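1. I'd like to go over a predicted model; first the sequence, then the structure.
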Amino acid sequence: FRQHGAYQSVSYPELYAATTGPGLKKKSDIRTLLKELQPEVIINAGLVGVLVDREPPAPGPGDLIHLASVVDAESELVYPINPHGETLVTVKAPVFEPREKWLLARQFHADFCDMEAARIIRLVRQVDEVREESPILFLKVVGDMPDHYELYKHEELVRGWHRQSVLGKIRTGLKFPGGPGNLRRLLKLKEAARNGLTLHVSRSVKALLGGADPAQLGPLFVPA
């Protein structure tokens, strides 16, 4: 399945993983995979942005969120998931600026934003082979928050950080706005988000492979 960007687990042959691309850019490949694999459960895992800062114990980077609904900002369609929880709005492009986040929250009565959830739902509902048989388990973890804006607006400088040489990292630190201290803060925030995502996805996948009920693991949408 490598031509479609998907990989089959060596340890768990029934497990397949693929990237969707930002905003579900790999729509054609994902559609082909769904038709060929006809999965029992689809997991949509990824990072989301918090739209409005709240008092503790509000979720922070690395925390799993509990969804009640997903909203498509483009069509304004609302997909209900659970009676209780919060709302995620799917947008076209990354949103970091606090005022833009506040406007999204106000317009859609949403708590978080991402670029894939509603598009995954829409895509699955269009594929006859899986439309009524493959529920979607959402494992969405907090990535950024409004008060992180001054750091995240320069986030493109650290993309591919792990592939940079020592000299390249030093150069990035020196030119990063606010200096190396701000760079370290951003890297720690991103690490906390990635670690949380890895933890929650690993736990849920192992539980599913062990026979757990998907509905007990997180927000589950049945796209019939």
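-> Good, I have the coordinates.
2. switch to C-alpha atoms for all contacts and neighbour counts from now on
-> OK.
3. would you map the helices across the protein?
-> Here the chain has its helices, by DSSP state H, at 27-37, 98-108, 117-126, 149-152, 166-175, 180-209.
4. out of these, deepest packed?
-> Stretch with highest mean neighbour count among the helices of the chain: helix 117-126 (a mean of 20; mean count of other CA atoms under 10 Å).
5. test my guess that Glu132 contacts Phe221.
-> No - here Glu132 lies out of contact with Phe221, judged by CA atoms under 8 Å, at a distance of 10.8 Å.
6. more neighbours: which of the two?
-> Legend: neighbour count by other CA atoms under 10 Å for Glu132 and Phe221, higher for Phe221 (21 against 13).
7. who are the contact partners of that one?
-> Residues near Phe221 by CA atoms under 8 Å, 6 or more residues apart in numbering: Pro80, Ile81, Pro135, Ile136, Leu137, Phe138.
8. in TSV: these, plus neighbour count, pLDDT and distance to Gly211.
-> Shown next, in TSV, are the contacts of Phe221 (neighbours: other CA atoms under 10 Å; pLDDT from 0 to 100; distance: CA to CA, whole Å):
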residue	neighbour count	pLDDT	distance to Gly211
Pro80	15	95	25
Ile81	20	93	22
Pro135	22	94	15
Ile136	23	95	16
Leu137	20	96	15
Phe138	23	96	18
